[in-house]
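Participant: Take this sequence and fold it.
(2 chains)
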Amino acid sequence: MKLQNIKYLVVGAVLAGFVSCNDDDDLFIPAPEEQMEIEELNFEGTFAQEDQMGRAAINTVLNGDSATKNSFNLTIPSEMVANFQQGFLDRAVALHAAFGVEYENNVLGLDATTLTTVLAADVLQVAPDAPTTYIDGDGNVLTGRSLTDDVVDVSLILLFGGTNGDRFNGQDLDNDGVADLPILVTDNVPNTGENPSTTFPYLEGPH
Amino acid sequence: MKTVSKILIAGALVAGVGALIAADHLDAPAVGGTTADITDYFAFESAENGDNTVFVANVQSSLAPAGNDATFDENVLIEFNIDNTGDLVEDRVIQAIARDGRMYFFGPYAPATTGLNSTIDASQMIGSVAITTDGNAITETTEGGIKMFAGPREDPFFFDFGTFNAVIGGDAENNGPNGGFQTAENAVDTFDGTNVLSIVVELPNALIGPTVAHPAGFDVQVWNTWVEAKRQQ
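Facilitator: Residues are numbered from 1 along each chain as shown, chains lettered A, B, ... in the order given. As a prediction, the model looks like this:
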(Lines give C-alpha, C1' and ligand atoms only; values in the text may rest on other atoms or scores of the structure.)
Protein backbone atom coordinates (compact mmCIF):
# COMPACT_ATOMS: atom_id res chain seq x y z
CA MET A 1 0.00 0.00 0.00
CA LYS A 2 1.97 2.97 -1.30
CA LEU A 3 -0.09 5.54 0.56
CA GLN A 4 1.24 4.25 3.84
CA ASN A 5 4.76 5.10 2.80
CA ILE A 6 6.03 8.39 4.04
CA LYS A 7 7.28 10.52 1.22
CA TYR A 8 9.96 12.56 2.82
CA LEU A 9 10.95 15.78 1.16
CA VAL A 10 14.68 16.12 1.69
CA VAL A 11 14.74 19.28 -0.43
CA GLY A 12 11.80 20.79 1.42
CA ALA A 13 13.87 23.33 3.28
CA VAL A 14 15.67 24.32 0.10
CA LEU A 15 12.39 24.82 -1.73
CA ALA A 16 10.96 26.89 1.12
CA GLY A 17 14.04 29.06 0.95
CA PHE A 18 13.63 29.64 -2.78
CA VAL A 19 9.95 30.52 -2.45
CA SER A 20 10.53 33.07 0.25
CA CYS A 21 13.47 34.63 -1.60
CA ASN A 22 11.57 34.90 -4.83
CA ASP A 23 8.52 36.74 -3.65
CA ASP A 24 8.52 38.95 -6.74
CA ASP A 25 9.19 36.17 -9.14
CA ASP A 26 7.38 33.47 -11.02
CA LEU A 27 6.37 30.18 -9.48
CA PHE A 28 9.53 28.28 -8.62
CA ILE A 29 9.87 24.96 -10.39
CA PRO A 30 12.50 22.58 -9.04
CA ALA A 31 15.08 21.27 -11.46
CA PRO A 32 14.76 17.58 -12.36
CA GLU A 33 17.85 16.58 -10.37
CA GLU A 34 16.35 18.14 -7.23
CA GLN A 35 13.15 16.20 -7.71
CA MET A 36 15.24 13.05 -7.77
CA GLU A 37 16.37 13.77 -4.22
CA ILE A 38 12.88 13.14 -2.91
CA GLU A 39 13.39 10.07 -0.81
CA GLU A 40 10.88 7.47 0.14
CA LEU A 41 11.09 6.01 3.63
CA ASN A 42 9.39 2.75 4.39
CA PHE A 43 8.40 1.87 7.95
CA GLU A 44 6.04 -0.96 7.04
CA GLY A 45 6.18 -4.50 8.32
CA THR A 46 6.10 -6.44 11.55
CA PHE A 47 8.86 -6.29 14.12
CA ALA A 48 9.25 -9.29 16.44
CA GLN A 49 10.81 -9.11 19.89
CA GLU A 50 14.37 -10.34 20.45
CA ASP A 51 15.46 -8.58 23.64
CA GLN A 52 13.75 -6.92 26.60
CA MET A 53 15.00 -5.05 29.66
CA GLY A 54 13.59 -3.25 32.65
CA ARG A 55 16.03 -3.38 35.54
CA ALA A 56 19.74 -4.00 35.25
CA ALA A 57 21.22 -7.48 35.65
CA ILE A 58 17.96 -9.26 36.43
CA ASN A 59 18.07 -11.75 33.58
CA THR A 60 21.81 -12.24 34.04
CA VAL A 61 21.74 -12.95 37.76
CA LEU A 62 18.39 -14.55 38.51
CA ASN A 63 17.84 -16.77 35.50
CA GLY A 64 20.14 -19.75 35.73
CA ASP A 65 20.50 -21.48 32.39
CA SER A 66 20.71 -20.28 28.79
CA ALA A 67 17.29 -21.54 27.72
CA THR A 68 15.64 -19.68 30.60
CA LYS A 69 17.56 -16.48 29.81
CA ASN A 70 16.45 -16.68 26.17
CA SER A 71 12.87 -17.38 27.16
CA PHE A 72 12.81 -14.44 29.59
CA ASN A 73 13.66 -12.02 26.76
CA LEU A 74 10.65 -13.26 24.79
CA THR A 75 8.14 -12.97 27.63
CA ILE A 76 5.90 -9.93 28.02
CA PRO A 77 6.11 -8.29 31.48
CA SER A 78 2.51 -9.14 32.42
CA GLU A 79 3.39 -12.85 32.16
CA MET A 80 6.81 -12.74 33.81
CA VAL A 81 5.83 -13.29 37.45
CA ALA A 82 3.74 -16.35 36.62
CA ASN A 83 6.53 -17.88 34.58
CA PHE A 84 9.72 -16.85 36.36
CA GLN A 85 9.11 -15.94 40.03
CA GLN A 86 9.54 -19.51 41.27
CA GLY A 87 12.78 -19.86 39.33
CA PHE A 88 14.06 -16.57 40.77
CA LEU A 89 13.22 -17.78 44.27
CA ASP A 90 14.96 -21.13 43.71
CA ARG A 91 17.98 -19.28 42.34
CA ALA A 92 18.10 -16.91 45.33
CA VAL A 93 17.92 -19.90 47.69
CA ALA A 94 20.65 -21.73 45.76
CA LEU A 95 22.96 -18.70 45.74
CA HIS A 96 22.66 -18.50 49.52
CA ALA A 97 23.05 -22.26 49.95
CA ALA A 98 26.36 -22.04 48.08
CA PHE A 99 27.60 -20.01 51.05
CA GLY A 100 25.92 -22.26 53.61
CA VAL A 101 23.24 -19.77 54.67
CA GLU A 102 19.60 -18.89 54.10
CA TYR A 103 18.09 -15.66 52.79
CA GLU A 104 17.36 -13.04 55.44
CA ASN A 105 14.68 -10.35 54.98
CA ASN A 106 16.37 -7.36 53.35
CA VAL A 107 16.70 -3.65 54.15
CA LEU A 108 13.26 -3.03 52.66
CA GLY A 109 11.78 -5.70 54.91
CA LEU A 110 11.00 -7.91 51.92
CA ASP A 111 11.02 -11.67 52.36
CA ALA A 112 12.41 -13.85 49.58
CA THR A 113 9.04 -14.52 47.96
CA THR A 114 8.08 -10.83 47.91
CA LEU A 115 11.50 -9.72 46.63
CA THR A 116 11.55 -12.24 43.80
CA THR A 117 7.96 -11.33 42.91
CA VAL A 118 8.94 -7.65 42.62
CA LEU A 119 12.03 -8.49 40.58
CA ALA A 120 10.37 -11.06 38.30
CA ALA A 121 8.29 -8.34 36.64
CA ASP A 122 11.28 -6.88 34.83
CA VAL A 123 10.12 -3.30 34.40
CA LEU A 124 11.60 -0.05 35.64
CA GLN A 125 9.31 2.13 37.72
CA VAL A 126 9.78 5.83 36.94
CA ALA A 127 8.38 8.52 39.25
CA PRO A 128 7.88 11.87 37.50
CA ASP A 129 7.48 13.78 40.77
CA ALA A 130 10.26 12.27 42.89
CA PRO A 131 14.07 12.24 42.65
CA THR A 132 15.37 9.50 40.35
CA THR A 133 17.17 6.75 42.21
CA TYR A 134 17.38 3.04 42.86
CA ILE A 135 17.71 3.83 46.57
CA ASP A 136 19.01 7.15 47.87
CA GLY A 137 18.78 6.68 51.63
CA ASP A 138 16.25 9.52 51.85
CA GLY A 139 13.22 7.30 51.49
CA ASN A 140 13.17 7.22 47.70
CA VAL A 141 13.22 3.66 46.37
CA LEU A 142 13.06 2.38 42.79
CA THR A 143 11.93 5.65 41.21
CA GLY A 144 13.93 5.19 38.02
CA ARG A 145 17.57 4.72 37.13
CA SER A 146 20.06 7.53 36.72
CA LEU A 147 23.35 7.20 34.82
CA THR A 148 25.33 6.94 38.06
CA ASP A 149 23.04 4.77 40.19
CA ASP A 150 25.07 1.80 41.48
CA VAL A 151 22.44 -0.70 40.44
CA VAL A 152 24.79 -3.64 40.95
CA ASP A 153 25.43 -2.82 44.59
CA VAL A 154 21.77 -2.07 45.29
CA SER A 155 20.73 -5.36 43.71
CA LEU A 156 23.36 -7.25 45.71
CA ILE A 157 22.29 -5.52 48.94
CA LEU A 158 18.65 -6.41 48.33
CA LEU A 159 19.59 -10.02 47.65
CA PHE A 160 22.41 -10.71 50.13
CA GLY A 161 22.44 -7.74 52.51
CA GLY A 162 19.90 -8.98 55.02
CA THR A 163 18.09 -6.67 57.41
CA ASN A 164 21.00 -4.27 57.82
CA GLY A 165 22.21 -4.38 54.22
CA ASP A 166 25.75 -5.41 55.17
CA ARG A 167 25.28 -9.05 56.03
CA PHE A 168 28.16 -10.23 53.81
CA ASN A 169 30.75 -7.51 53.52
CA GLY A 170 34.01 -9.31 54.23
CA GLN A 171 33.68 -9.11 58.02
CA ASP A 172 36.53 -10.27 60.22
CA LEU A 173 34.54 -12.10 62.89
CA ASP A 174 37.40 -13.26 65.13
CA ASN A 175 39.53 -10.14 64.84
CA ASP A 176 42.54 -11.97 63.47
CA GLY A 177 42.98 -9.47 60.65
CA VAL A 178 41.63 -11.87 58.02
CA ALA A 179 38.13 -11.64 56.54
CA ASP A 180 35.90 -14.54 57.51
CA LEU A 181 32.84 -13.69 55.41
CA PRO A 182 32.75 -13.17 51.64
CA ILE A 183 31.96 -9.78 50.09
CA LEU A 184 28.53 -10.19 48.49
CA VAL A 185 26.90 -6.77 48.97
CA THR A 186 29.19 -4.82 46.61
CA ASP A 187 31.40 -5.53 43.62
CA ASN A 188 33.63 -2.73 44.93
CA VAL A 189 33.46 -0.84 41.62
CA PRO A 190 32.26 2.72 42.43
CA ASN A 191 30.62 5.15 40.03
CA THR A 192 33.52 7.59 40.32
CA GLY A 193 34.69 6.79 36.79
CA GLU A 194 31.38 7.91 35.29
CA ASN A 195 30.96 11.60 34.54
CA PRO A 196 27.69 12.23 32.73
CA SER A 197 26.91 15.73 31.47
CA THR A 198 24.17 17.94 32.89
CA THR A 199 22.94 18.67 29.36
CA PHE A 200 21.26 16.53 26.73
CA PRO A 201 22.14 13.78 25.73
CA TYR A 202 23.88 13.42 29.14
CA LEU A 203 25.96 10.32 28.36
CA GLU A 204 29.71 10.85 27.97
CA GLY A 205 31.25 10.91 24.50
CA PRO A 206 32.71 7.68 23.15
CA HIS A 207 36.26 6.48 23.69
CA MET B 1 48.40 -31.60 17.52
CA LYS B 2 47.97 -28.29 15.75
CA THR B 3 44.31 -29.00 15.14
CA VAL B 4 43.76 -29.91 18.75
CA SER B 5 45.31 -26.73 20.08
CA LYS B 6 43.34 -24.62 17.61
CA ILE B 7 40.13 -26.21 18.81
CA LEU B 8 41.14 -25.62 22.40
CA ILE B 9 41.92 -21.97 21.70
CA ALA B 10 38.66 -21.50 19.84
CA GLY B 11 36.82 -23.10 22.73
CA ALA B 12 38.48 -20.77 25.20
CA LEU B 13 37.52 -17.76 23.07
CA VAL B 14 33.93 -18.89 22.84
CA ALA B 15 33.84 -19.42 26.59
CA GLY B 16 35.28 -15.95 27.07
CA VAL B 17 32.64 -14.30 24.89
CA GLY B 18 29.91 -16.30 26.56
CA ALA B 19 31.00 -15.02 29.93
CA LEU B 20 30.50 -11.38 28.92
CA ILE B 21 26.95 -10.91 30.09
CA ALA B 22 25.98 -8.07 32.41
CA ALA B 23 23.44 -5.33 33.10
CA ASP B 24 21.72 -6.66 30.05
CA HIS B 25 24.89 -6.78 27.96
CA LEU B 26 24.82 -10.05 26.02
CA ASP B 27 22.34 -11.25 28.62
CA ALA B 28 21.21 -14.35 26.78
CA PRO B 29 22.83 -16.51 24.09
CA ALA B 30 20.11 -15.99 21.47
CA VAL B 31 20.53 -12.22 21.35
CA GLY B 32 23.99 -11.60 22.82
CA GLY B 33 26.37 -9.99 20.36
CA THR B 34 23.67 -9.29 17.77
CA THR B 35 22.47 -5.89 16.56
CA ALA B 36 19.34 -6.35 18.69
CA ASP B 37 21.25 -6.77 21.96
CA ILE B 38 20.07 -4.23 24.51
CA THR B 39 22.99 -3.56 26.85
CA ASP B 40 21.33 -1.14 29.21
CA TYR B 41 18.27 0.94 29.95
CA PHE B 42 17.96 4.16 31.96
CA ALA B 43 15.03 6.45 32.70
CA PHE B 44 15.50 9.54 34.83
CA GLU B 45 14.39 13.09 35.54
CA SER B 46 15.95 15.58 33.14
CA ALA B 47 18.74 17.70 34.59
CA GLU B 48 17.77 20.46 32.15
CA ASN B 49 14.04 20.51 32.91
CA GLY B 50 12.43 18.88 35.94
CA ASP B 51 9.15 18.49 34.02
CA ASN B 52 10.85 16.21 31.49
CA THR B 53 11.86 12.54 31.65
CA VAL B 54 14.81 11.06 29.75
CA PHE B 55 14.79 7.55 28.29
CA VAL B 56 18.07 5.90 27.26
CA ALA B 57 18.45 2.61 25.41
CA ASN B 58 21.98 1.34 24.85
CA VAL B 59 22.63 -1.43 22.36
CA GLN B 60 25.62 -3.34 21.00
CA SER B 61 28.42 -3.18 23.56
CA SER B 62 31.84 -2.61 22.02
CA LEU B 63 32.88 -5.70 24.00
CA ALA B 64 30.86 -7.65 21.44
CA PRO B 65 32.39 -8.85 18.16
CA ALA B 66 31.47 -5.75 16.13
CA GLY B 67 33.45 -3.57 18.53
CA ASN B 68 33.64 0.16 17.87
CA ASP B 69 32.64 -0.33 14.22
CA ALA B 70 29.08 -1.20 15.25
CA THR B 71 26.24 0.69 13.55
CA PHE B 72 22.50 0.80 14.10
CA ASP B 73 20.68 -1.97 12.22
CA GLU B 74 17.87 -0.57 10.06
CA ASN B 75 15.94 -3.81 10.65
CA VAL B 76 15.89 -3.38 14.44
CA LEU B 77 13.18 -1.29 16.09
CA ILE B 78 13.91 0.07 19.57
CA GLU B 79 10.70 0.52 21.53
CA PHE B 80 10.26 2.21 24.90
CA ASN B 81 7.11 0.87 26.58
CA ILE B 82 5.02 2.80 29.11
CA ASP B 83 2.31 1.26 31.28
CA ASN B 84 -0.03 3.96 32.63
CA THR B 85 -2.52 1.63 34.36
CA GLY B 86 -0.46 -0.88 36.38
CA ASP B 87 -1.30 -4.02 34.41
CA LEU B 88 2.23 -4.34 32.95
CA VAL B 89 0.83 -3.96 29.43
CA GLU B 90 2.09 -1.02 27.37
CA ASP B 91 -0.38 1.84 26.93
CA ARG B 92 2.04 4.05 25.01
CA VAL B 93 5.19 3.39 23.05
CA ILE B 94 8.05 5.56 21.84
CA GLN B 95 9.71 3.97 18.84
CA ALA B 96 13.06 4.63 17.17
CA ILE B 97 14.52 3.15 14.01
CA ALA B 98 17.43 4.10 11.74
CA ARG B 99 17.11 4.98 8.06
CA ASP B 100 20.06 6.09 5.94
CA GLY B 101 22.11 7.84 8.62
CA ARG B 102 19.19 9.29 10.58
CA MET B 103 17.26 8.00 13.58
CA TYR B 104 13.47 8.44 13.27
CA PHE B 105 11.25 8.75 16.35
CA PHE B 106 7.52 7.99 16.74
CA GLY B 107 5.14 8.67 19.62
CA PRO B 108 4.39 8.46 22.40
CA TYR B 109 1.24 6.82 21.07
CA ALA B 110 -1.07 3.93 21.87
CA PRO B 111 0.09 0.99 19.72
CA ALA B 112 -2.40 -0.87 17.54
CA THR B 113 -1.34 -4.12 19.21
CA THR B 114 0.62 -4.85 22.38
CA GLY B 115 3.07 -7.62 23.07
CA LEU B 116 5.84 -9.38 21.20
CA ASN B 117 5.08 -8.04 17.72
CA SER B 118 4.98 -4.37 16.76
CA THR B 119 4.26 -2.19 13.78
CA ILE B 120 5.15 1.43 13.22
CA ASP B 121 2.39 3.97 12.67
CA ALA B 122 4.27 6.32 10.38
CA SER B 123 1.73 9.07 10.97
CA GLN B 124 3.03 9.24 14.56
CA MET B 125 6.50 10.36 13.47
CA ILE B 126 7.69 13.27 15.63
CA GLY B 127 11.01 13.89 13.93
CA SER B 128 14.48 12.59 13.27
CA VAL B 129 18.09 13.32 14.09
CA ALA B 130 21.28 12.67 12.14
CA ILE B 131 23.13 9.74 13.74
CA THR B 132 26.21 11.03 15.52
CA THR B 133 29.43 9.33 14.48
CA ASP B 134 32.01 10.80 16.89
CA GLY B 135 32.32 12.74 20.13
CA ASN B 136 30.37 15.73 18.83
CA ALA B 137 26.77 14.94 19.72
CA ILE B 138 24.18 15.98 17.14
CA THR B 139 20.79 16.63 18.75
CA GLU B 140 17.39 17.82 17.56
CA THR B 141 14.42 19.27 19.44
CA THR B 142 10.89 19.07 18.06
CA GLU B 143 8.37 21.91 18.27
CA GLY B 144 6.70 19.89 21.03
CA GLY B 145 9.86 19.99 23.12
CA ILE B 146 11.04 16.43 22.51
CA LYS B 147 14.83 16.03 22.29
CA MET B 148 16.46 13.29 20.25
CA PHE B 149 19.95 11.76 19.99
CA ALA B 150 21.46 8.61 18.48
CA GLY B 151 25.09 7.56 18.27
CA PRO B 152 28.11 6.09 20.06
CA ARG B 153 28.66 6.98 23.72
CA GLU B 154 30.85 5.78 26.55
CA ASP B 155 29.25 2.77 28.26
CA PRO B 156 27.97 4.17 31.56
CA PHE B 157 27.69 0.74 33.16
CA PHE B 158 30.26 -0.11 35.84
CA PHE B 159 30.66 -3.63 37.19
CA ASP B 160 33.35 -6.18 37.97
CA PHE B 161 31.75 -8.72 35.73
CA GLY B 162 34.73 -11.05 35.61
CA THR B 163 34.59 -11.54 39.35
CA PHE B 164 30.81 -11.91 39.26
CA ASN B 165 31.17 -14.86 36.92
CA ALA B 166 33.83 -16.35 39.21
CA VAL B 167 31.55 -15.94 42.25
CA ILE B 168 28.60 -17.54 40.48
CA GLY B 169 30.80 -20.26 39.01
CA GLY B 170 32.63 -21.04 42.24
CA ASP B 171 35.91 -20.26 40.46
CA ALA B 172 38.28 -20.05 43.42
CA GLU B 173 41.19 -18.81 41.29
CA ASN B 174 39.34 -15.70 40.16
CA ASN B 175 36.84 -14.85 42.86
CA GLY B 176 37.64 -12.81 45.95
CA PRO B 177 38.28 -13.80 49.57
CA ASN B 178 35.96 -16.54 50.86
CA GLY B 179 34.39 -16.92 47.42
CA GLY B 180 32.90 -13.42 47.23
CA PHE B 181 33.72 -10.25 45.30
CA GLN B 182 37.16 -8.66 45.30
CA THR B 183 38.32 -6.11 47.83
CA ALA B 184 38.32 -2.52 46.55
CA GLU B 185 41.99 -2.57 45.55
CA ASN B 186 41.52 -5.67 43.37
CA ALA B 187 38.13 -4.90 41.82
CA VAL B 188 38.06 -4.20 38.06
CA ASP B 189 35.43 -2.31 36.04
CA THR B 190 34.91 -4.67 33.09
CA PHE B 191 33.19 -1.89 31.10
CA ASP B 192 35.86 0.76 31.57
CA GLY B 193 36.99 2.12 28.21
CA THR B 194 34.15 0.55 26.21
CA ASN B 195 31.40 2.11 24.10
CA VAL B 196 27.77 1.46 23.26
CA LEU B 197 25.32 2.80 20.69
CA SER B 198 22.85 5.05 22.50
CA ILE B 199 19.36 6.24 21.69
CA VAL B 200 18.32 9.09 23.97
CA VAL B 201 14.92 10.77 23.95
CA GLU B 202 13.73 13.40 26.42
CA LEU B 203 10.11 14.46 26.59
CA PRO B 204 7.63 16.42 28.71
CA ASN B 205 5.99 14.28 31.40
CA ALA B 206 2.55 15.39 30.18
CA LEU B 207 3.12 13.38 26.98
CA ILE B 208 3.86 10.20 28.96
CA GLY B 209 0.48 10.17 30.64
CA PRO B 210 -1.09 9.02 33.91
CA THR B 211 0.77 7.32 36.76
CA VAL B 212 -0.12 4.50 39.17
CA ALA B 213 0.84 3.65 42.75
CA HIS B 214 4.27 2.00 42.99
CA PRO B 215 3.68 -1.78 42.67
CA ALA B 216 6.25 -2.56 45.38
CA GLY B 217 4.18 -0.59 47.88
CA PHE B 218 6.34 2.51 48.14
CA ASP B 219 4.45 5.77 48.59
CA VAL B 220 5.05 7.28 45.16
CA GLN B 221 3.29 7.49 41.80
CA VAL B 222 5.05 5.87 38.86
CA TRP B 223 4.92 4.63 35.32
CA ASN B 224 6.03 1.05 34.66
CA THR B 225 8.52 1.22 31.79
CA TRP B 226 10.78 -1.11 29.82
CA VAL B 227 12.59 -1.28 26.51
CA GLU B 228 12.43 -3.85 23.72
CA ALA B 229 14.47 -4.58 20.61
CA LYS B 230 12.36 -5.97 17.77
CA ARG B 231 13.56 -7.24 14.40
CA GLN B 232 11.82 -6.76 11.04
CA GLN B 233 10.27 -10.02 9.88
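Participant: pull the helix or strand with minimum mean pLDDT from chain A.
Facilitator: Counting by mean pLDDT, DSSP states H and E, chain A has its least confident helix or strand at helix A:12-21, which shows a mean of 38.
Participant: and if you look at chain B?
Facilitator: helix B:2-19 (a mean of 36).
Participant: So is the helix or strand just after that one next to chain A?
Facilitator: Note on helix B:2-19: by DSSP states H and E, the next helix or strand toward the C-terminus is strand B:38-45. Yes - if you take Cβ under 8 Å from any Cβ of the partner chain as the test, strand B:38-45 does meet chain A, through B:38, B:40-45. In short, each C-beta sits where N, CA and C put it, glycine included.
Participant: now the strands: where do they sit in chain B?
Facilitator: Shown for chain B, the strands assigned by DSSP state E span residues B:38-45, B:52-59, B:76-83, B:92-99, B:102-109, B:117-118, B:125-130, B:140-141, B:147-154, B:195-204, B:212-213, B:221-232.
Participant: Mean pLDDT for these - can I get that in a markdown table?
Facilitator: Converted to a markdown table, the strands of chain B look like this (pLDDT from 0 to 100):
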| stretch | mean pLDDT |
| --- | --- |
| strand B:38-45 | 97 |
| strand B:52-59 | 98 |
| strand B:76-83 | 98 |
| strand B:92-99 | 98 |
| strand B:102-109 | 98 |
| strand B:117-118 | 98 |
| strand B:125-130 | 98 |
| strand B:140-141 | 98 |
| strand B:147-154 | 97 |
| strand B:195-204 | 97 |
| strand B:212-213 | 98 |
| strand B:221-232 | 98 |
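Participant: Let's have the ones you listed in a markdown table, adding mean neighbour count.
Facilitator: Converted to a markdown table, these look like this (neighbours: other Cβ atoms under 10 Å in any protein chain shown):
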| stretch | mean neighbour count |
| --- | --- |
| strand B:38-45 | 26 |
| strand B:52-59 | 25 |
| strand B:76-83 | 26 |
| strand B:92-99 | 23 |
| strand B:102-109 | 22 |
| strand B:117-118 | 18 |
| strand B:125-130 | 19 |
| strand B:140-141 | 15 |
| strand B:147-154 | 26 |
| strand B:195-204 | 25 |
| strand B:212-213 | 14 |
| strand B:221-232 | 24 |
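Participant: got JSON lines for those, with distance to residue A:204 too?
Facilitator: Shown next, in JSON lines, are the strands of chain B (distance: least, Cβ to Cβ, whole Å):
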{"stretch": "strand B:38-45", "distance to residue A:204": "13"}
{"stretch": "strand B:52-59", "distance to residue A:204": "12"}
{"stretch": "strand B:76-83", "distance to residue A:204": "20"}
{"stretch": "strand B:92-99", "distance to residue A:204": "20"}
{"stretch": "strand B:102-109", "distance to residue A:204": "19"}
{"stretch": "strand B:117-118", "distance to residue A:204": "31"}
{"stretch": "strand B:125-130", "distance to residue A:204": "18"}
{"stretch": "strand B:140-141", "distance to residue A:204": "20"}
{"stretch": "strand B:147-154", "distance to residue A:204": "4"}
{"stretch": "strand B:195-204", "distance to residue A:204": "10"}
{"stretch": "strand B:212-213", "distance to residue A:204": "33"}
{"stretch": "strand B:221-232", "distance to residue A:204": "20"}
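Participant: To what extent is the nearest residue to residue A:149 once chain neighbours are set aside buried, counted in neighbours?
Facilitator: Closest residue in space to residue A:149, ignoring its immediate chain neighbours: residue A:134 at 4.6 Å, by Cβ to Cβ, 6 or more residues apart in numbering or on different chains. Using other Cβ atoms under 10 Å in any protein chain shown, residue A:134 has 23 other residues around it.
Participant: show me where pLDDT drops low in chain A?
Facilitator: In the predicted model of chain A, residues A:1-39 satisfy pLDDT under 70.
Participant: State whether residue A:125 is indeed within a helix.
Facilitator: No - applying DSSP: H, G, I helix; E, B strand; the rest coil, one finds residue A:125 to be strand, outside a helix.
Participant: How about the contacts made by it?
Facilitator: A:142-144, B:214-216, B:222-225 (Cβ atoms under 8 Å, 6 or more residues apart in numbering or on different chains).
Participant: ok, now residue B:194?
Facilitator: With Cβ under 8 Å, 6+ apart, residue B:194 has these contacts: A:207, B:61-63, B:154-155.
Participant: Show me which of those are buried.
Facilitator: Buried members of the contacts of residue B:194, scored by 16 or more other Cβ atoms under 10 Å in any protein chain shown, are B:61-63, B:154-155.
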